[in-house]
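K.L.:
Got a predicted structure plus its sequence, pasted below:
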Amino acid sequence: MSIIETENLTYTYPSGTKPSIRDVSIKIDKGEFVLITGPSGCGKTTLCRCFNGLIPHFYQGELEGEITVAGLRISEQPIYEMAKHVGLVFQNPENQLFALSVEKDVAFGLENLGAPREEMRKRVDWALNLTGIYDLRERAPHELSGGQQQRVAIASVLAMQPEIIVLDEPTSFLDPLGAKRIFEVIYDLNRKLGITVVLVEHRLDLTARYANHIAIMDDGKIVLDGEPREILSSEQARLIGVGIPKPTRLYQILRKDRVNLSNTVPLSSDEMAAMLREALKSQ
């Protein structure tokens, strides 16, 4: 069952001379981990803003086509109503942090939903621990580094435990090790709680292994949409300029050289290493 569905979605910003997204049609099922990628400026962030109602209610502009999220038509629902179903982590964490302490920032959404005090305490502590910032709970967000602020922004959305979490390059200020931990937390939530995850990310080496659905955008359109192993091993994905995971690229090169490998395309270095060990055993 689709939890997000768009049909011929086209949007132009108020000051725009051409649409930022054009004729976007995509279905995202409940519980999926979806990876959206593509060259810079291809419309990924604009599409994310449609998922929680920022477009058209905040950014206004001209929106054409249909979009339903969690069974609700975006055009008919205010942003505060969509916030109960969709949590959005912005690319720049400073855009969503404003309280005097980390703890208050993480609790803000729950306060607005009227969560009971004990439940709020549990969820805030849970989100702070998951993102590794419990020790920073009394610090002011403006005193933190960019990476720490990014963790606070993620924790504030996780604490609300929405049906859908949309993350727009949520680890752009984190080093690969810190980013890997955050992606593992998000993947764990997807598997254990059934939360639908929509992740916009360039670093496919770190993220492709978690996704069961990938959409590649180019020039405002979705040009490839489907199963990650199939999409990322396609020639079209490479020509668009998507950062194909290195293990996938190595697999393609070795297959061309007639190395006897499994037909399952690897998305991570662990999968590639296991495949090479099996190939060596069979020689």
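P.N.:
Received the coordinates, thanks.

K.L.:
For residue 253, grab the count of nearby residues.
P.N.:
As a burial measure, residue 253 scores 10 neighbours (other C-beta atoms under 10 Å). In this view, the C-beta of every residue, glycine as well, is placed from N, C-alpha and C.

K.L.:
dump the residue contacts of residue 150.
P.N.:
Residues counted as contacts of residue 150 (C-beta atoms under 8 Å, 6 or more residues apart in numbering) are 93, 170, 171, 172, 173, 174.

K.L.:
What pLDDT does the model give the fifth one?
P.N.:
Meaning residue 173. The model reports residue 173 with a pLDDT of 78.

K.L.:
hang on, isn't it packed against residue 147?
P.N.:
Yes - using C-beta atoms under 8 Å, residue 173 is in contact with residue 147, at 4.6 Å.

K.L.:
And the strands in the chain, which stretches?
P.N.:
Secondary structure of the chain (DSSP state E): strands located at 2-12, 21-29, 33-37, 62-69, 72-73, 86-89, 164-168, 196-200, 213-218, 221-226.

K.L.:
what bits of the stretch 101-250 of the chain have low per-residue confidence?
P.N.:
Residues of the stretch 101-250 of the chain meeting the criterion pLDDT under 70: none.

K.L.:
Would you reformat the strands of the chain as JSON lines and include distance to residue 156?
P.N.:
Below are these laid out as JSON lines (distance: least, C-beta to C-beta, whole Å):
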{"stretch": "strand 2-12", "distance to residue 156": "22"}
{"stretch": "strand 21-29", "distance to residue 156": "23"}
{"stretch": "strand 33-37", "distance to residue 156": "21"}
{"stretch": "strand 62-69", "distance to residue 156": "20"}
{"stretch": "strand 72-73", "distance to residue 156": "22"}
{"stretch": "strand 86-89", "distance to residue 156": "8"}
{"stretch": "strand 164-168", "distance to residue 156": "11"}
{"stretch": "strand 196-200", "distance to residue 156": "16"}
{"stretch": "strand 213-218", "distance to residue 156": "26"}
{"stretch": "strand 221-226", "distance to residue 156": "29"}
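
K.L.:
Out of those strands, which is closest to residue 110?
P.N.:
Residue 110 lies closest, by C-beta to C-beta, to one member of the strands of the chain: strand 86-89, at 11.5 Å.

K.L.:
Report the residue ranges of every domain in this structure.
P.N.:
Domains of the chain are assigned by automatic domain parsing as 2-237, 245-283.

K.L.:
Please identify the most buried of the ones you listed.
P.N.:
domain 2-237 (a mean of 18; mean count of other C-beta atoms under 10 Å).

K.L.:
just how off-centre is that one within its chain?
P.N.:
Using C-alpha atoms, centre = their mean, to the nearest Å, the distance from the centre of domain 2-237 to the centre of the chain it belongs to is 5 Å.

K.L.:
what's next to stretch 77-86, contact-wise?
P.N.:
Contacts for stretch 77-86 (C-beta under 8 Å, 6+ apart): 51-54, 57-58, 69-70, 72, 74, 109, 112-113, 160, 162-166.

K.L.:
just the helices in the stretch 51-200 of the chain please.
P.N.:
54-57, 79-82, 102-113, 117-130, 146-158, 176-193 (DSSP state H, counting those that start in this stretch).

K.L.:
and those helices as JSON lines, adding distance to residue 137?
P.N.:
Output for those, formatted as JSON lines (distance: least, C-beta to C-beta, whole Å):
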{"stretch": "helix 54-57", "distance to residue 137": "28"}
{"stretch": "helix 79-82", "distance to residue 137": "26"}
{"stretch": "helix 102-113", "distance to residue 137": "4"}
{"stretch": "helix 117-130", "distance to residue 137": "6"}
{"stretch": "helix 146-158", "distance to residue 137": "10"}
{"stretch": "helix 176-193", "distance to residue 137": "17"}
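
K.L.:
Nearest to residue 13, out of those?
P.N.:
helix 54-57 (8.7 Å).

K.L.:
on contacts alone, who are the packing partners of that closest one?
P.N.:
strand 62-69 (3 or more C-beta pairs under 8 Å, 6 or more residues apart in numbering; DSSP states H and E).
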